[in-house]
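Student: How does the following fold in three dimensions:
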Amino acid sequence: MKVDRPHEFCDGMDISETLRNAVDKCCKFKTGKIILPRGKYIFKDEKSIRDFKNLMIGNINPDTKWGRCGIPFNRAVSFKNCDNLVIDGQGSTIIFEGLIQPFEFINCSNVLIKNISIDWNRPMFSEGRVLNNENDTIKAKIFDNYFINGGEPVWSFQDYDPATRRFGVFCPFCRGTSMELIAPQVVRFKFPDSGRVQIGSYLMFRHIGNYRPALYFFNCTNVNVENVTINANPGMGIIGHSSKDFIFRKLKVIPRDERIMSVNTDAAHFISCTGTIDFEDCYFQGMGDDAVNVHSFYFSVKKRFDDRTILATIEAVTQDCLFDSPSAGDCVEFIRRDTLLPYASGKIKFVETDPEDWSCTIRFSQPLPESFDNTDLISNVSRTAKLRFVRCLVKNIRARGLLIQTRGVIVKDCTFDHCTGTGIHIDTATGWFESMGARDIVIRDNRFIGCGYGPGTYKRTSGISVLTECEIPVAGVHRNITIKNNYIKGPGDTGIYISCTDGAVICKNNIEEVKNAIKIQYSNNIKLYENRTDR
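Tutor: So this is what the prediction gives:
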């Protein structure tokens with residue numbers, strides 16, 4: 001089914017009804033091709049605009065977990081059960097309004113999205129300048145292109161340099177403190193550390209935590225995203241959940257010229273995916289969190305029924321607010337909670353999921369390990385996607401460039417330029433319950449410039465940090481890591497930090513303007529040679 005030129009579009013036209021009709025036809029025939037004549041379009045949805053207005057006057061909690069256990073949210077279009085699907089914008093831009101998820105793909109295969117930009121008329125953040133700070137109150141002038149009525153929640157705010165367009169080091173989370181309008185575009189709000197905010201400094205205010213992604217993929221296979229730009233979104237840029245094989249070429253998640261911020265949180269986030277997630281020649285700037293995060297989740301034991309059967313849950317909210325259930329046939333690792341070190345493996349025979357209870361009953365093919373303890377965690381190694389990240393630029397973002405919690409990774413010929421956090425963070429954590437210990441990682445021929453000076457910096461490291469966030473750090477959680485021929489330039493205390501690792505080669509790196517070029521803790525079998533430093 002090809003849906004091409006339903007009628008001639010013109011710049012500024014409301015495309016909502018026409019696009020929804022085209023999507024309905026694709027879903028009816030379970031395939032289709034949507035081609036937009038090049039132009040700039042508006043997508044309006046009355047409910048999403050109304051929800052945005054209610055958010056901005058304080059009638060909606062900006063921390064709402066939209067999508068969890070039936071909490072409704074607004075969708076622009078939803079493709080379901082489609083194969084061989086093409087969306088070609090031919091260079092078009094769609095400008096959305098309000099609280100809405102632009103594109104959703106459920107149970108789709110062979111999807112191609114290309115030549116399209118996603119933007120927002122009024123993004124879910126504002127920018128302004130501090131006029132005064134006293135008596136635990138900040139007074140600020142909000143710039144005219146971010147219209148303010150009063151009552152807007154301040155979920156978080158952060159300082160930034162208007163000349164370099166770089167985020168600063170101060171980023172508190174106020175969690176809903178609201179703005180009081182005291183003059184046209186002039187507001188004040190309570191903040192107990194107001195004295196830390198300098199008069200005259202520029203601030204970016206986020207009015208919401210994390211709504212829904214611009215592109216959402218659940219249970220999809222073979223997704224190609226080419227020459228797509230995401231200028232703004234009230235949540236993450238992209239989420240892939242329980243999906244297989246993504247290719248991104250010339251993806252841009254970047255702010256519009258006059259804005260400091262692009263998407264509210266991560267640019268791209270992948271949960272329990274398989275196959276390969278492949279980025280090449282992509283550009284990330286101005287996000288409120290990491291550029292890319294790839295992981296699955298740890299399952300905790302709620303109850304043990306017998307020697308093969310448990311009731312399990314996830315002690316965290318997933319990024320799309322859906323319970324991340326395993327499947328029969330999946331292979332798992334049994335992991336000590338205090339160290340995150342795997343000690344045994346197993347295979348799932350049967351799963352029954354209760355999404356309302358946020359739990360699942362799991363029966364294993366073999367008896368549980370003899371040393372199994374109800375405090376242990378379980379990691380699903382069958383839901384492990386490889387990551388390829390080549391010739392990409394990550395610039396001027398809040399937090400880390402890459403958060404790697406998967407296996408089979410190559411990062412090559414990329415630039416990480418003034419991320420407030422560590423450029424690449426290899427991790428696994430009990431705090432977020434994101435698994436798993438990383439293995440078979442190659443990081444080579446990259447440039448890390450000015451990273452690790454603010455939020456998202458781990459172990460005061462600028463370039464690359466490898467660690468676990470758990471009670472007891474031990475060697476062997478991460479394995480087989482190569483860090484070769486990278487250029488790292490401060491300002492952090494450390495260039496490369498390695499811990500909880502068994503087997504790493506760190507060689508031929510050029511590390512400048514840090515106190516410690518390389519720091520190693522709680523690790524075995526680390527080889528160092530031909531690394532250069534200016535110290």
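
Student: so where's this protein shaky on pLDDT?
Tutor: 1-10 (pLDDT under 70).

Student: got the domain boundaries for it?
Tutor: 2-121+211-265, 125-206, 296-380, 423-533 (automatic domain parsing).

Student: possible to save those as a markdown table with distance to Met287 and mean neighbour count?
Tutor: All C-beta spots, glycine's among them, are computed from the backbone N, C-alpha and C. As requested, the domains of the chain are exported to a markdown table (distance: least, Cβ to Cβ, whole Å; neighbours: other Cβ atoms under 10 Å):
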| stretch | distance to Met287 | mean neighbour count |
| --- | --- | --- |
| domain 2-121+211-265 | 5 | 19 |
| domain 125-206 | 10 | 17 |
| domain 296-380 | 14 | 17 |
| domain 423-533 | 11 | 21 |
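
Student: can you redo those domains as a markdown table with distance to Ile410?
Tutor: A markdown table is the format used below for these (distance: least, Cβ to Cβ, whole Å):
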| stretch | distance to Ile410 |
| --- | --- |
| domain 2-121+211-265 | 15 |
| domain 125-206 | 28 |
| domain 296-380 | 20 |
| domain 423-533 | 5 |
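
Student: by contact count, what packs against the helix ranked longest in the chain?
Tutor: In terms of residue count, the longest helix belonging to the chain (DSSP state H) is helix 16-29. Counting by 3 or more Cβ pairs under 8 Å, 6 or more residues apart in numbering; DSSP states H and E, the packing neighbours recorded for helix 16-29 are strand 2-4, strand 32-35, strand 40-43, strand 75-80.

Student: among the ones you listed, which is nearest Glu352?
Tutor: Closest to Glu352 of the helices and strands packed on helix 16-29 is strand 75-80 (Cβ to Cβ; 24.0 Å).

Student: Could you give the number of residues near the closest residue to Asp63 other than its chain neighbours?
Tutor: Distances taken as Cβ to Cβ, 6 or more residues apart in numbering put Gly209 closest to Asp63, at 4.9 Å, once the chain neighbours are dropped. Using other Cβ atoms under 10 Å, Gly209 has 23 other residues around it.

Student: Can you give me the first-to-last residue distance of stretch 302-309?
Tutor: 11 Å (Cα to Cα, to the nearest Å).

Student: Centre of the chain to that stretch, how far?
Tutor: How far stretch 302-309 lies from its chain's middle: 34 Å, per Cα atoms, centre = their mean, to the nearest Å.

Student: go on, stretch 82-92?
Tutor: Using Cα atoms, centre = their mean, the mean C-alpha position of stretch 82-92 is found 24 Å from that of the whole chain.

Student: Can you show me the CA trace of it as PDB?
Tutor: Provided in PDB are the C-alpha atoms of stretch 82-92 (Å, rounded to 0.1, in the frame of the first residue of the first chain):
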ATOM      1  CA  CYS A  82       3.200  -3.700   9.700                       C
ATOM      2  CA  ASP A  83       6.000  -5.100   7.500                       C
ATOM      3  CA  ASN A  84       8.000  -3.400   4.800                       C
ATOM      4  CA  LEU A  85       7.000   0.100   6.000                       C
ATOM      5  CA  VAL A  86       8.500   3.300   4.600                       C
ATOM      6  CA  ILE A  87       8.100   6.900   5.900                       C
ATOM      7  CA  ASP A  88       9.900   9.400   3.700                       C
ATOM      8  CA  GLY A  89       9.600  13.000   4.600                       C
ATOM      9  CA  GLN A  90      11.600  14.200   1.600                       C
ATOM     10  CA  GLY A  91      13.200  16.900   3.800                       C
ATOM     11  CA  SER A  92      10.000  17.900   5.600                       C
END
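
Student: Would you quantify the distance from the residue nearest in space to the middle of the chain to Asp290?
Tutor: Centroid-nearest residue in the chain, with Cα atoms, centre = their mean: Asp266, separated by 2.8 Å. To Asp290, Asp266 is 5 Å away according to Cβ to Cβ, to the nearest Å.

Student: so which of the domains of the chain comes closest to Asn396?
Tutor: Comparing these by Cβ to Cβ, domain 125-206 comes nearest, at 5.0 Å.

Student: First-to-last residue distance for that closest one?
Tutor: End-to-end distance for domain 125-206: 4 Å, by Cα to Cα.

Student: now stretch 254-271
Tutor: End-to-end for stretch 254-271, by Cα to Cα: 23 Å.

Student: centre of the chain versus that stretch, how much separation?
Tutor: Its chain's C-alpha centre lies 9 Å from the corresponding centre of stretch 254-271 when counted by Cα atoms, centre = their mean.

Student: now stretch 505-522
Tutor: 27 Å.

Student: Just the residues contacting it, thanks.
Tutor: For stretch 505-522, contacts defined as Cβ atoms under 8 Å, 6 or more residues apart in numbering pick out 459, 461-463, 473-475, 481-501, 526-535.

Student: same thing with stretch 317-330?
Tutor: The contact list for stretch 317-330, computed with Cβ under 8 Å, 6+ apart, reads 65-68, 71, 210, 212-213, 216, 218, 236, 239, 241-242, 266, 269, 271-272, 296-297, 299, 314, 332, 347-351, 353, 355, 358-360, 362, 380-383.

Student: what's the spacing between the closest residue to Thr375 other than its chain neighbours and Leu467?
Tutor: The shortest distance from Thr375 to any non-neighbouring residue, by Cβ to Cβ, 6+ apart, is to Arg337 (5.1 Å). The gap separating Arg337 from Leu467 is 17 Å, by Cβ to Cβ.

Student: Among the contacts of stretch 505-522, which lie within strands?
Tutor: If you go by DSSP state E, these have 461-463, 481-484, 487-489, 494-499, 501, 526-529, 532-533 in strands.

Student: one step back: thought the residue nearest to Thr375 was touching Cys470?
Tutor: Yes. Contact criterion Cβ atoms under 8 Å: Arg337 and Cys470 qualify, at 7.4 Å.

Student: overlap in contacts of the two?
Tutor: With Cβ under 8 Å, 6+ apart, Arg337 and Cys470 have common neighbours Thr430.

Student: what sits against Ile138?
Tutor: By Cβ under 8 Å, 6+ apart, Ile138 lies in contact with Val130, Asn132, Arg188, Phe189, Phe191, Ser194, Val197.

Student: Sort out which one of the residues you listed lies nearest Asp306 for me.
Tutor: Nearest to Asp306, judged by Cβ to Cβ, of these is Phe191 at 53.2 Å.

Student: In contact with that closest one, which residues?
Tutor: Neighbours of Phe191 in contact, by Cβ under 8 Å, 6+ apart: Asp136, Thr137, Ile138, Pro172, Cys174, Thr177, Val197.

Student: Determine which two of the residues you listed are furthest apart.
Tutor: Farthest apart among these by Cβ to Cβ are Thr137 and Pro172. That separation is 14.2 Å.

Student: still on that earlier bit, can you tell me which of the helices and strands packed on helix 16-29 is nearest to Pro184?
Tutor: strand 40-43 (26.5 Å).

Student: Just checking: what are the partner strands of that closest one?
Tutor: strand 13-14 (parallel), strand 83-96 (parallel) (DSSP bridges).

Student: After it, which helix or strand is next?
Tutor: On the C-terminal side of strand 40-43, the closest following helix or strand by DSSP states H and E is helix 46-56.

Student: elements contacting the strand or helix carrying Leu311?
Tutor: Leu311 belongs to strand 309-313 when elements are defined using DSSP H and E. Here strand 309-313 touches strand 292-304, strand 359-364, going by 3+ Cβ pairs under 8 Å, 6+ apart.
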